[in-house]
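Enquirer: Here is my input, please return the structure:
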Amino acid sequence: MPTATPLNDKIAAVTGGGGGIGGSISRLFAEAGAAVVVNDIDAELAAAAVGDITDAGGRATAVVGDITDAAVVAEFHRAAVDFGDGRVDVLVNNVGDYRPGMGRFLKTTEADWDAQIDITLRHVLRCSHAFLPTMIDGGGGTVVNMSTVESMRGITRMAVYSAANAAVSAFTRCLALEMAEHDIRVNCIAPDMAMTLQTPLDAMLRGRPLEHAERWIPLSRFGDPEEFAQVALFLASDQSSFMTGQTIPVDGGTMTAQGWYRRADGRGFTNLPDAP
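Expert: Reported below is the predicted structural model:
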C-alpha cells in the first residue's frame with residue numbers, strides 16, 4: 001500500500017462504493033489506510049472494488065443492496081460496526097441518480113418525485129441517522145455527502161433532481177452545526193462534468209465534437225472519478241480539520257465561469273458560445 005495514509009486505521013463506509021466516483025473513493029480511501037465497507041446495488045461492481053482493495057493489501061468488505069431500502073441501510077450499518085469492532089470513523093453518502101423525475105416538471109409524477117428523493121436525499125438522512133450515534137460513541141468522525149452543481153443553478157428538465165440535491169447541501173450545513181460538539185465534521189461535494197458509468201463521455205457529448213465541449217469547461221476537459229475521490233479524501237481526513245458545513249464544487253470551473261465559454265479562436269472567453 002502507498003506510504004501516505006491520512007486515513008490510517010480508520011473505518012470508512014461508502015454507499016455506491018463499487019463503481020464510478022464511489023468506486024474511486026473506496027479504492028483511494030483504502031490506499032490511504034482505511035478499512036472500507038462498500039455498499040453497492042451491483043454485486044459485480046462491489047466485488048471488483050473489494051477485490052482490488054484486498055489484492056493491494058487493504059481491508060474491505062461488501063454489502064450488496066439498494067441503499068434506498070431501510071433494511072439495507074440497517075444491514076450496511078451493522079456490517080460496518082462489526083468490521084470496525086464497534087467503530088466507524090467515516091461515512092460517505094455517495095449514491096445519487098439524475099434520471100428519476102427527469103423531464104419537464106409538469107410531466108413528472110409524484111412517483112417520480114418519490115424515487116428521486118429516495119435515492120438522492122432520503123438515503124442520506126437514513127444513513128446519517130444510523131451511523132452518527134456510532135460516531136458519537138466513538139468520539140468523533142467525518143461525513144462526506146454528495147450533491148451536484150445543479151443544486152446551485154437553474155437547469156431545465158431537472159427540477160426535482162436539483163431540488164433534492166439542494167436539500168442535501170442544506171442538510172449538510174444544518175447537520176454540521178448539530179454534530180460540531182461531538183467532533184464530527186460534515187461536508188459535501190458538488191460534482192460536474194464527471195466521466196462515470198452513469199455519465200459516460202458519449203452520453204455527455206450527445207454527438208457533439210469533443211473540442212467543442214472542451215470550450216464549455218474552463219479547464220478544457222472532463223473530470224476523472226479519482227479527481228472527485230481526492231476531494232472526498234481531503235474532506236474525510238484531518239487535512240480538512242477546520243472545515244465543516246461546506247459544499248465544494250468540483251467542476252472544472254463551470255460554476256466559476258457562470259455561463260462564460262472559451263472562444264473558438266482561443267482568444268479568451270465569451271458569454272455567447274460560438275460553437276454548437
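Enquirer: what ranges do the helices span in the stretch 151-276 of the chain?
Expert: 159-179, 201-205, 210-215, 225-236, 254-257 (DSSP state H, counting those that start in this stretch).
Enquirer: what's the fourth one in contact with?
Expert: Helix 225-236 is contacted by residues 6-7, 10, 12, 20-21, 23-25, 27-29, 32, 90, 92, 142, 144, 185, 187, 189, 191, 194-196, 239-240, 243, 248, 250 when judged by C-beta atoms under 8 Å, 6 or more residues apart in numbering. Using the backbone N, CA and C atoms, a C-beta is placed for each residue, glycine as well.
Enquirer: circling back to that earlier point, just say which of the helices of the stretch 151-276 of the chain is most tucked in.
Expert: Sort those by mean neighbour count, taking mean count of other C-beta atoms under 10 Å, and helix 225-236 sits at the top with a mean of 22.
Enquirer: hey, C-alpha coordinates of that one in PDB?
Expert: Extracted C-alpha coordinates of helix 225-236, given in PDB (Å, rounded to 0.1, in the frame of the first residue of the first chain):
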ATOM      1  CA  PRO A 225     -13.600   9.900 -10.900                       C
ATOM      2  CA  GLU A 226     -10.400   9.800  -9.000                       C
ATOM      3  CA  GLU A 227     -10.200  13.600  -9.000                       C
ATOM      4  CA  PHE A 228     -13.500  13.700  -7.100                       C
ATOM      5  CA  ALA A 229     -12.300  11.000  -4.800                       C
ATOM      6  CA  GLN A 230      -9.200  13.100  -3.900                       C
ATOM      7  CA  VAL A 231     -11.600  15.800  -2.700                       C
ATOM      8  CA  ALA A 232     -13.600  13.200  -0.700                       C
ATOM      9  CA  LEU A 233     -10.300  12.100   0.900                       C
ATOM     10  CA  PHE A 234      -9.400  15.600   1.800                       C
ATOM     11  CA  LEU A 235     -12.800  16.100   3.500                       C
ATOM     12  CA  ALA A 236     -12.700  12.800   5.300                       C
END
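Enquirer: gap between it and the chain center?
Expert: Relative to its chain's centre, helix 225-236 lies at 9 Å (C-alpha atoms, centre = their mean, to the nearest Å).
Enquirer: Now it: average pLDDT?
Expert: Mean per-residue pLDDT for helix 225-236: 97.
Enquirer: Could you tell me which ranges of the protein sit under the pLDDT cut-off?
Expert: For the chain, applying pLDDT under 70 flags the ranges 1-4, 195-208, 212, 273-276.
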